[in-house]
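S.K.: give the three-dimensional model of this entry:
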Amino acid sequence: MSNLFSNLGINSEIQQRLSDIQIVNPTDIQKKVIPVFLSQTEDVVALAKTGTGKTAAFGLPLIQLIDPKNTAIQAVILAPTRELGQQIHTNLESFAAHSPEVSIAVICGGIPIKPQIDRLKATTHIVVATPGRLADLVKREAIDLSNIQYFILDEADEMVSALKEGLDSIIKVIPKKRRTLLFTATLSGAIKQMVNNYMATAVVHLEADMKTLGHQGIDHQYVIVEPIEKLEVLLHFLNTKEGQRGIIFCKTKAAVNKLAKNLAINKFSSGALHGSLTQGIRDRIMGQFREGHLDILVATDLAARGIDVKEISYVINYHLPDTYDTYVHRSGRTARAGAKGLSLTILQQEEAQEMVHFEKELGIVFKAFQKADAQSIEENNGLLWAKKIFKTKPNKTLSEEFRKKVRTVFHHLTKEELIEKLLANHIAQTTVSIAKTEVTKKKSKK
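M.R.: Numbers count the residues shown, from 1 in each chain. Prediction:
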């Protein structure tokens, strides 16, 4: 199989652009999809995990197939979230830099609809959209999809489960004689049903090297904790990854908010991302994370779609995902573009047996992560305490007389002596707090 885009049928203009942005060798899914997209007419189901180059697999041939002289919308690309839609749009605009006659619009929810309606009045060849917003535009008769030739579903497994209603309304208005390309990381029963319902009888099934690409570079580990120590084990881990970026996944919005608050209290550079936040806040947090101003993102599964950041060193499953598919999508946020990464799952004892089923279903091996011992946890808590003090802003409302009295108490101590006394006091208070907690636990068991 060719290692050159030219041999896959990509034209010289797009090849030049790929050279400009230093994309030289096609990935496995690109090698398989591009020739079929360009030279055949069948619908396509492509099975490929995140980080394998799916956007270029459908984006490059699509840009090449667009007829700029035809002013109708010729292609629709659906994505489950605005973040992923914007990422696809950005990539397509980049790929089409030497093809300025191809017009691409992004139409997603969470922002005012009127500017999008105005945008669609201009010539548009490719529309990248989320199902809900596109369905709204169809209902308003603000978009004409009657002439589309290509219908592309990216991350289809997320759309079929979470956004089915909007998807169904769109399917009703697009031409039956179209070409549908469906990209998914998993081939669930719901996806198979979608293929049967919405795609042609003749479908080409393509699959990336799932045994290697989907998990290549990812170190899958797990750690078993008691409920009371879960947060402390996480904080200890995060302290060992200072300066690196990672994503922590929680099942619910409430859990995301609670954990993000704890990270903020402990002075970690972090932000929360979930569906109940306004789009403006989500965009700001995502921008800060992409630009490296935040080290940690705490997120729900759907909200994290579209995060294509190469420098994510680790993913943490703070809650065990409900499905194998979800684990695939979570872990795929790290080890992108050939990098290495860690996917760590934090379990309670009763969940430990689940890892055997995950291993069997996904064909991967989970290694036990060495949990920090009590002394390491205690020392880490002391370090977090010290960082809190360091980052605490002085209280300027205190009277100068009071300040002088406090300084008098400490004036004869050296810096080293003061630190030793503060640390000893902190450890003593922590020990008392732990003892009280243990007593409370024993009483509650009785």
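
S.K.: helix or strand for residue 181, which one?
M.R.: Using DSSP states H and E, the element containing residue 181 is strand 179-184.

S.K.: and residue 355, how many neighbours?
M.R.: 18 (other Cβ atoms under 10 Å). C-beta here means a position set from N, CA and C on the backbone, and glycine is covered the same way.

S.K.: and the nearest residue to it once chain neighbours are set aside, what does it touch?
M.R.: Excluding the flanking residues, the one nearest residue 355 by Cβ to Cβ, 6 or more residues apart in numbering is residue 366, at 5.1 Å. By Cβ atoms under 8 Å, 6 or more residues apart in numbering, the contact set of residue 366 is 220-222, 345, 355, 358-359.

S.K.: per-residue pLDDT, residue 366?
M.R.: Note for residue 366: predicted pLDDT of 93.

S.K.: look up how far residue 280 lies from it.
M.R.: In this view, residue 366 and residue 280 are 39 Å apart by Cβ to Cβ, to the nearest Å.

S.K.: follow-up on the earlier one: among the contacts of residue 366, name the buried ones.
M.R.: 220-222, 345, 355, 358 (16 or more other Cβ atoms under 10 Å).

S.K.: taking the residues you listed one by one, which sit in strands?
M.R.: Judged by DSSP state E, strands contain the following of the buried ones among the contacts of residue 366: 220-222, 345.

S.K.: closest to residue 82 among the residues you listed?
M.R.: residue 345 (27.9 Å; Cβ to Cβ).

S.K.: neighbours of the nearest residue to residue 295 once chain neighbours are set aside, just the number please.
M.R.: Nearest residue to residue 295, sequence neighbours excluded (Cβ to Cβ, 6+ apart): residue 269, at 4.3 Å. Neighbour count of residue 269, defined by other Cβ under 10 Å: 16.

S.K.: what sits against residue 269?
M.R.: Residues near residue 269 by Cβ under 8 Å, 6+ apart: 293-296.

S.K.: with distance to residue 116 added, can I get the residues you listed in JSON lines?
M.R.: Putting the contacts of residue 269 into JSON lines (distance: Cβ to Cβ, whole Å) gives the following:
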{"residue": "293", "distance to residue 116": "28"}
{"residue": "294", "distance to residue 116": "28"}
{"residue": "295", "distance to residue 116": "34"}
{"residue": "296", "distance to residue 116": "33"}
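
S.K.: which among these end up buried?
M.R.: 294-296.

S.K.: so which strand or helix has residue 106?
M.R.: Using DSSP H and E, residue 106 falls in strand 104-107.

S.K.: apologies, that question was intended for residue 381.
M.R.: Per DSSP H and E: residue 381 is located in helix 374-391.

S.K.: which secondary structure elements does that helix contact?
M.R.: Using 3 or more Cβ pairs under 8 Å, 6 or more residues apart in numbering; DSSP states H and E, the elements in contact with helix 374-391 are helix 230-240, helix 415-445.

S.K.: lowest-confidence stretch among the ones you listed?
M.R.: helix 415-445 has the lowest average pLDDT among the helices and strands packed on helix 374-391, namely a mean of 72.

S.K.: for stretch 365-372, C-alpha coordinates in CSV please.
M.R.: These are the backbone C-alpha positions of stretch 365-372, laid out as CSV (Å, rounded to 0.1, in the frame of the first residue of the first chain):
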residue,chain,number,x,y,z
VAL,A,365,-3.8,-5.4,28.8
PHE,A,366,-4.2,-3.3,31.9
LYS,A,367,-1.3,-3.1,34.3
ALA,A,368,-1.6,-2.4,38.0
PHE,A,369,-0.5,1.2,38.9
GLN,A,370,1.5,1.3,42.1
LYS,A,371,-0.7,3.3,44.5
ALA,A,372,1.1,5.8,46.7
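
S.K.: so where do the strands sit in this protein?
M.R.: Using DSSP E, the strands of the chain run over 43-47, 75-78, 104-107, 126-129, 150-153, 179-184, 203-207, 218-225, 245-249, 270-273, 296-299, 312-317, 341-348, 367-368.

S.K.: helices or strands up against the fifth one?
M.R.: By that I understand strand 150-153. helix 54-65, strand 75-78, strand 179-184.

S.K.: quick one: which of those is nearest residue 274?
M.R.: With Cβ to Cβ, the closest approach to residue 274 among these belongs to strand 75-78: 21.7 Å.

S.K.: given the closest one, what are its sheet partners and their directions?
M.R.: Strand pairing for strand 75-78, determined by DSSP bridges: strand 126-129 (parallel), strand 150-153 (parallel).

S.K.: so which of those strands gets nearest residue 393?
M.R.: Ranking these by their distance to residue 393 (criterion: Cβ to Cβ) puts strand 126-129 first, at 44.0 Å.
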